[in-house]
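Enquirer: following is a predicted model, sequence given first.
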Amino acid sequence: MQIAGHVAVVTLTRPQKHNALDAAMFEAIIAAAERVAVEPGVRAVVLHGEGPSFCSGLDIASMMSAPAGIDGLIDRIRGEAPNWFQRAAFDWVRVPVPVLAALHGNCLGGGLQIALGADIRFAAPDTRLSVMEVKWGLIPDMSITRTLPRLVPIDVAKELTYTGRVFSGTEGHALGIVTHVAEDPLAAATELASEIASRSPDAVRRAKRLFDEAWTGSAEETLKLEAELQLQVIGTPNQLAAVAAGVTKQPAQFTDPGELSA
């Protein structure tokens, strides 16, 4: 992980295998999400893959040949929710700051589910995406129920899951799975992350929480949450700094959570 200008760049690093998910990759991804969630001064995260792909999905051969074999996989699935597999994707939902995924090459199966855990997705036009688990006789189970239904209608989700077909970054944008198509997804994602990082971290963190918690709630619940979160930021130093920056047209100087005021 590298941090510059309040933006953390997290890189999947198994390029010789198109960043396929073996046990070590799962552990590293979970550890990265845990770290970035508490890293001081981080206001946005960019997640991308080194080499020719973002992530080509589960390394079936590696996982099945592990010492514990299929019994070990079953034990991990039976763990407390979110289980070990789900955390590799769902922990990015739980990171308190915006997460942007930059997709290229293969983004298949578990790789797509990790990308769905991000708040915003940039993809190259020729990125290959797929809900691929049916190819292996499995269902997608890396927290897809908490992500894909917020992006596409149920018939689209079902078609993609039933068939496991590969679709492009361009089609993914048309379907609503990809937020932006870009020739250089990493550069585009980093640029937007820098813009987000220039905003009040108090407001941005609460905006993420607002949408994640209230997207499918009742009117009473969601309106109450709006008010509660607004009361947490209104009149605070960061909110007043944002107002001053808007009036003076000068960059705001914000204090990040956990920092002591000068």
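Expert: Noted; the coordinates are in hand.

Enquirer: any chance you could map the helices in the stretch 1-150 of the chain?
Expert: Counting by DSSP state H, counting those that start in this stretch, the stretch 1-150 of the chain has helices at residues 23-38, 60-64, 69-77, 84-94, 110-116.

Enquirer: okay, strands next: where are they in the stretch 151-262 of the chain?
Expert: Per DSSP state E, counting those that start in this stretch, the stretch 151-262 of the chain carries strands over the ranges 167-168, 180-181.

Enquirer: now render the ones you listed as CSV, adding distance to Trp136.
Expert: From N, CA and C alone the C-beta is placed, and that goes for glycine too. Converted to CSV, these look like this (distance: least, CB to CB, whole Å):
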stretch, distance to Trp136
strand 167-168, 18
strand 180-181, 29
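
Enquirer: between the ones you listed, which one is nearest to Asp119?
Expert: Asp119 lies closest to strand 180-181 among the strands of the stretch 151-262 of the chain, at 12.3 Å (CB to CB).

Enquirer: and the residue nearest the centre of the chain, what does it touch?
Expert: Per CA atoms, centre = their mean, the C-alpha nearest to the average position across the chain is that of Ala118, at 1.8 Å. The contact partners of Ala118, taken as CB atoms under 8 Å, 6 or more residues apart in numbering, are 47, 92, 99-101.

Enquirer: okay, the residues you listed in TSV with pLDDT and neighbour count next?
Expert: Listed next are the contacts of Ala118 as TSV, based on pLDDT from 0 to 100; neighbours: other CB atoms under 10 Å:
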residue	pLDDT	neighbour count
Leu47	98	29
Trp92	98	26
Val99	98	28
Leu100	98	27
Ala101	98	30
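
Enquirer: now, which of those sits nearest Ile70?
Expert: When the contacts of Ala118 are compared for distance to Ile70 (CB to CB), Trp92 wins out at 27.0 Å.

Enquirer: what sits closest to the closest one if chain neighbours are left out?
Expert: Gly117 (3.6 Å; CB to CB, 6 or more residues apart in numbering).

Enquirer: also Ala242?
Expert: Closest residue in space to Ala242, ignoring its immediate chain neighbours: Ser200 at 4.8 Å, by CB to CB, 6+ apart.

Enquirer: one more: His104?
Expert: Leaving aside its chain neighbours, His104 sits nearest to Ala124 (4.5 Å; criterion: CB to CB, 6+ apart).

Enquirer: if we can go back for a sec, pretty sure the residue nearest to Ala242 contacts Thr255?
Expert: No - counting by CB atoms under 8 Å, Thr255 is not a contact partner of Ser200; they are 9.4 Å apart.

Enquirer: number of residues surrounding the closest residue to Gln113 other than its chain neighbours?
Expert: In space, and not counting its chain neighbours, Gln113 is closest to Met142: 3.9 Å by CB to CB, 6+ apart. When neighbours are defined as other CB atoms under 10 Å, Met142 has 29 of them.

Enquirer: what do you get for Ala203?
Expert: As a burial measure, Ala203 scores 19 neighbours (other CB under 10 Å).

Enquirer: wait, it touches Ile234, no?
Expert: No - in this structure, Ala203 is not within contact of Ile234 by CB under 8 Å, at 10.0 Å.

Enquirer: quick one, what contacts the residue nearest to Ala242?
Expert: By CB under 8 Å, 6+ apart, the contact set of Ser200 is 233, 238-239, 241-242, 252, 254.

Enquirer: can you list contacts of stretch 158-177?
Expert: 103, 108, 116, 121, 123-135, 139-140, 148, 151-152, 156, 178-181.
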